[in-house]
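S.K.: Dropping a prediction and its sequence here:
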Amino acid sequence: MFTNAQRQVERTGRYGTPRDQYLQDLVTQFQNATDEESKEKIVANLANFAYDPFNYAFMRQLNVLELFLDCITEPNERLVEFGVGGICNSCVDPANASVIIQCGGIPLVIQCLSSPVRNTVTYALGALYYLCNPSTKKDILKPDVVRIIREYAAAGSVNVSFSNLANAFLEKHVGS
């Protein structure tokens, strides 16, 4: 459910933790975490906050988008999954998309298309759908990338969500 400032005050109450502080606490916990399972849980939690426009400014202020991109470079497939999930959830916002693009996120998201983890591929397709625009088309619509997306589009009998996302991407950005 999307929230707004008044709803957040109602939900937090007089003694609750404000959202920006709660997100800061999560980032700090991630930075201090020493085991992979804790990091996975924290990034999954942050990714869940990334879909709500109320959190977008906080996420940018706290460099959470950069944290998601860093997770995509990790060898841990769960961190990659949750990192690209956070990117997918947040990149519908133009300001977030701009940060992701400026921080070199497009090649990182593209590499997720070849992940063995279905959710990672789904999130990558969704993120590329929103990140592709006139200024990024040259980086995204490379022949190898379009080929992979066409393969997913043709895989309807194997994975309907891949096929649907890939077809939506192709219709909007490639015209076929």
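M.R.: Yes, it's here. Numbers count the residues shown, from 1 in each chain.
S.K.: Which parts of the protein are helices?
M.R.: 5-12, 19-32, 36-49, 56-61, 64-72, 77-90, 94-102, 105-111, 118-131, 137-140, 143-153, 160-169 (DSSP state H).
S.K.: For the third one, enumerate the helices and strands it packs against.
M.R.: The criterion is 3 or more CB pairs under 8 Å, 6 or more residues apart in numbering; DSSP states H and E, and the helices and strands that helix 36-49 contacts are helix 19-32, helix 64-72, helix 77-90. In short, each C-beta sits where N, CA and C put it, glycine included.
S.K.: Any figure for the gap between N159 and L165?
M.R.: Between N159 and L165 the computed distance is 10 Å (CB to CB, to the nearest Å).
S.K.: Overlap of the contact sets of those two?
M.R.: Y152 (CB atoms under 8 Å, 6 or more residues apart in numbering).
S.K.: Same drill for those two, tell me which one is more crowded.
M.R.: Neighbour totals were compared for N159 and L165, and L165 leads with 22 against 15 (other CB atoms under 10 Å).
S.K.: Tell me who's in contact with P107.
M.R.: Counted by CB under 8 Å, 6+ apart, P107 has contacts D139.
S.K.: swap the cut-off to 6 Å and go again
M.R.: Under the criterion of CB atoms under 6 Å, 6 or more residues apart in numbering, the contact list for P107 is empty.
S.K.: now it: how far from F162?
M.R.: Noted for P107: a distance of 20 Å to F162, by CB to CB.
S.K.: any idea how far the closest residue to G156 other than its chain neighbours lies from P75?
M.R.: Leaving aside its sequence neighbours, G156 sits nearest to S163 (CB to CB, 6 or more residues apart in numbering; 3.8 Å). Shown here: S163 relative to P75, a distance of 29 Å by CB to CB.
S.K.: Looking at these two, which one has more neighbours?
M.R.: S163 (18 against 7).
S.K.: Wait, that one touches A154, no?
M.R.: No - with contact defined as CB atoms under 6 Å, S163 and A154 do not form a contacting pair (7.3 Å).
S.K.: end to end, how far does stretch 165-175 reach?
M.R.: Taking CA to CA, to the nearest Å, stretch 165-175 runs 14 Å from one end to the other.
S.K.: Now for the residue most central in space within the chain: which residues touch it?
M.R.: By CA atoms, centre = their mean, the mean C-alpha position of the chain lies nearest to I87, the distance being 1.7 Å. The neighbours of I87, taking CB under 6 Å, 6+ apart as the test, are 68, 100, 127.
S.K.: And the residue nearest to the last one when sequence neighbours are not counted, how far from T122?
M.R.: Going back to what we said before, that points to A127. Leaving aside its sequence neighbours, A127 sits nearest to C88 (CB to CB, 6+ apart; 4.2 Å). C88 sits 8 Å away from T122 when distances are taken as CB to CB.
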